[in-house]
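Chemist: What shape does this take:
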Amino acid sequence: MVLGHVLPDRARLRPLLTPPEAPMPRWVFLPIFLAVLGWSLFPITAWTHSSGLDTSDCHTDRTPGHSLCHQDPLTGLSGSSQQGVLVALQALQTQTAPPSGAPSLRGCRIRPYREDPMQAPYPLIEGGPIPDQGSARPLKPSEARCVENLLKAGRKAVAANKVTEGVLLYLSATDMAPARAGETYLDLASVLDQASYTQLAIIAYRKAWMAFEADYKLRGVKREGTALLTLANIRDAIVRLGGQVPLATSEPGKFVGANSTNDIHEEFFKKALPSVTPK
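Modeler: Coordinates of the predicted model:
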């Protein structure tokens with residue numbers, strides 16, 4: 001009995017008999033920490049990248065206002081907006097596989113589209129270029145072909161009720177040949193007029209008037225019959241559609257504003273023709 005009291009309790013000896021556990025090496029914690037951190041950040045990074053995906057798998061890129069696409073056939077295409085990406089795709093498809101009989105736009109510069117689709121194509125036409133001091137540069141043969149093909153493609157697009165696409169193609173032609181802006185806007189106005197897009201036609205006619213006037217002022221055109229008749233016909237079209245003629249800024253424009261189309265015919269054309277006496 002005395003021996004039992006002398007010997008220590010086995011429970012008391014257990015801490016002394018069990019060797020202490022070795023501390024876990026620090027390097028073991030690093031992979032665990034990184035794994036936990038990575039899983040915690042994954043939803044955030046995935047959300048920021050994919051939350052803006054549209055139906056075409058395009059999203060707003062790190063550059064503000066810039067879209068990037070990841071799904072075929074849009075993969076790799078980017079633009080200032082989702083509409084810009086679609087325009088780039090359209091241009092790519094036209095370049096690689098143009099429809100039979102359609103004008104080829106290979107190598108042609110297509111104007112980027114940055115406007116609100118709900119407001120287009122009105123601001124597109126209003127914001128189009130007009131001739132300036134640098135407009136007289138002669139076109140290269142490839143550029144001249146592009147201009148003609150862009151106009152043909154624009155007419156086809158408007159005829160197919162793809163108005164915004166058609167306006168975009170016309171403006172692309174104007175960008176390449178600003179000296180011909182008046183003729184291009186007048187062609188666009190006529191096409192829109194024939195297709196019964198009245199308000200758009202008025203805007204295009206007004207733009208044609210301003211472009212012709214700017215060109216006449218740059219070239220110093222005065223009271224030349226063809227210039228006067230061109231402006232008179234544009235004025236008559238605007239009035240016929242119920243629009244307002246822009247304020248005249250050139251001498252031909254001011255003369256047209258003060259004279260009727262019939263008077264211009266009488267003074268500059270009928271008098272110039274030799275009289276024919278019936279036999």
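Chemist: roughly how far apart are the closest residue in space to residue 189 that isn't next to it in sequence and residue 133?
Modeler: Of all residues not flanking residue 189 in the chain, residue 204 sits nearest, at 3.5 Å (C-beta to C-beta, 6 or more residues apart in numbering). For every residue, glycine as well, the C-beta is placed using N, CA and C. Between residue 204 and residue 133 the computed distance is 24 Å (C-beta to C-beta, to the nearest Å).
Chemist: ditto for residue 146
Modeler: 23 Å.
Chemist: re the thing from before, need the contact list for the residue nearest to residue 189.
Modeler: Listed by C-beta atoms under 8 Å, 6 or more residues apart in numbering, the contact set of residue 204 reads 125, 185-186, 188-189, 192.
Chemist: That one sits in which helix or strand?
Modeler: Assigned by DSSP states H and E, residue 204 belongs to helix 198-219.
Chemist: That helix: which residues count as buried?
Modeler: Neighbour-count burial for helix 198-219, counted by 16 or more other C-beta atoms under 10 Å, picks out 200-216, 218.
Chemist: can you check stretch 156-165 too?
Modeler: For stretch 156-165, a neighbour-count test (16+ other C-beta under 10 Å) marks 156-158, 163-165 as buried.
Chemist: Of these, which is the nearest to residue 103?
Modeler: Proximity to residue 103 was ranked across these by C-beta to C-beta; first place goes to residue 156, at 8.1 Å.
Chemist: and the closest one, that's in a helix?
Modeler: Yes. According to DSSP: H, G, I helix; E, B strand; the rest coil, residue 156 belongs to a helix.
Chemist: picking up where we left off before, so which of residue 146 and residue 133 has more stuff around it?
Modeler: When neighbours are counted by other C-beta atoms under 10 Å, residue 146 and residue 133 differ, and residue 146 comes out ahead with 24 against 6.
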